[in-house]
Each structure stands twice: as C-alpha cells, then as structure tokens.
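Colleague: Kindly return the folded structure for what I paste below:
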Amino acid sequence: MTKVPNLSIVLLVTAILLGNCKTLSMQEKVLGQTNPHSLRKDPECGWLADTTGYIPDPVVLERLRSMNWKTYSWKVYLGCWCSDSRKLVPAFREIGNSLGWKEEQITWFALDMDKKSPEQMELKDNVEYLPTFILYRDGKEAGRIVESVDSNLESAILGLF
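Modeller: Numbering: from 1, shown residues only. Have a look, this model is predicted:
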C-alpha cells in the first residue's frame, strides 16, 4: 500500500513556494517612472551597466557639445525585455555622460511587454514603440527618436535640431 503525504503538509509547502516566487518577481520587476540605478535591480535590465563601451562619433559629439543643454530635458521610454532598448539606451546614457547631461534632465519610464506602466504616461506621450526618446525644450516637445536610428544615436539627436 502506498503512503499518501499529509494534505496539510503539501498545501503548506505549495503556499511557501508560491509565496516566495510572487515576492521575488514583485521585487525584481521595475515598471513605471524610475531611474537607471533602480532599473539595474531588474534582472531583465542587467544590460544597463554604468559603462557601455559605446564610443560616440567625435565629430557629431563636438557639434552637440556646442549646444546649450540647460534648456532641454528628456523622457526615455524603454523595455528591459526590448532588444532595441538594449542597443540604444546604453548609447544614450554614454552620449549624455559625454555631454554632461544632469540626472534631473532625464525622466525614465520602464514599460512592460504590453508597453504599459502604472502611471500610464506612455498614453499621454503617445508612445507606441520602444525605446522612445522625447526631447523637450523649455517644457515643450522639440522632437523624438523612436525605436531605431539610421546611422548612430548621436546623429539622430543632432537631427532633432
């Protein structure tokens, strides 16, 4: 005769395992308005390192350096799961570091696979594809870069002017 495990023990072990999985996934997932430091805690965003090795085109970078960036700000919409975000967001950060952009000039939003966030700012900003970089001058949209670029990101940024 086969011995059946006590049902209460099976239920207890199942509850513990499911509870731990739910807690882990809630702690790891970063959605909505965020910052690069918080994003790196999301295992899907491990690619968002402090240094990327990306080297912006020095000629384009020099033209961008001549601009007065104090009147500009950015909104960046990305998906940790998105291959285009994985390619362009680290390059964007490297360009920003090279140009001396301040953290407060960039507002970050992480979206889920349905391209949604708790704040739903993506609806207000009409974001359909990721990543989306929206440039603002004095609080008004001046242009945007959506999903991909033809040559390099710094040239696309320069093209907004």
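Colleague: Going by C-alpha atoms from here, please, whenever you check contacts or count neighbours.
Modeller: Fine.
Colleague: could you pull out the strands for this structure?
Modeller: Assigned by DSSP state E, the chain shows strands spanning 32-34, 72-78, 106-110, 132-137, 140-146.
Colleague: out of those strands, nearest to residue 117?
Modeller: Residue 117 lies closest, by CA to CA, to one member of these: strand 32-34, at 4.7 Å.
Colleague: Note down every partner strand of the closest one and its orientation.
Modeller: Neighbouring strands of strand 32-34 in its sheet, by DSSP bridges, are strand 106-110 (antiparallel).
Colleague: Please pull out the lowest mean pLDDT helix or strand from the protein.
Modeller: The weakest-scoring helix or strand in the chain, judged by mean pLDDT, DSSP states H and E, is helix 7-28 (a mean of 44).
Colleague: and stretch 116-133, which residues are buried?
Modeller: Buried residues in stretch 116-133, counted by 16 or more other CA atoms under 10 Å: 116, 117, 121, 122, 127, 129, 130, 131, 132, 133.
Colleague: next one: stretch 86-97
Modeller: The neighbour-count check on stretch 86-97 (16+ other CA under 10 Å) flags 86, 87, 88, 89, 90, 91, 92, 93, 94, 95, 96 as buried.
Colleague: again, but for stretch 69-86
Modeller: Residues of stretch 69-86 classed as buried by neighbour count (16+ other CA under 10 Å): 72-80, 82, 84-86.
Colleague: neighbouring contacts of it?
Modeller: The contact list for stretch 69-86, computed with CA atoms under 8 Å, 6 or more residues apart in numbering, reads 44-45, 47-48, 89, 101, 105-113, 115, 122, 127, 130-139, 147-148.
Colleague: With that, I have no additional questions.
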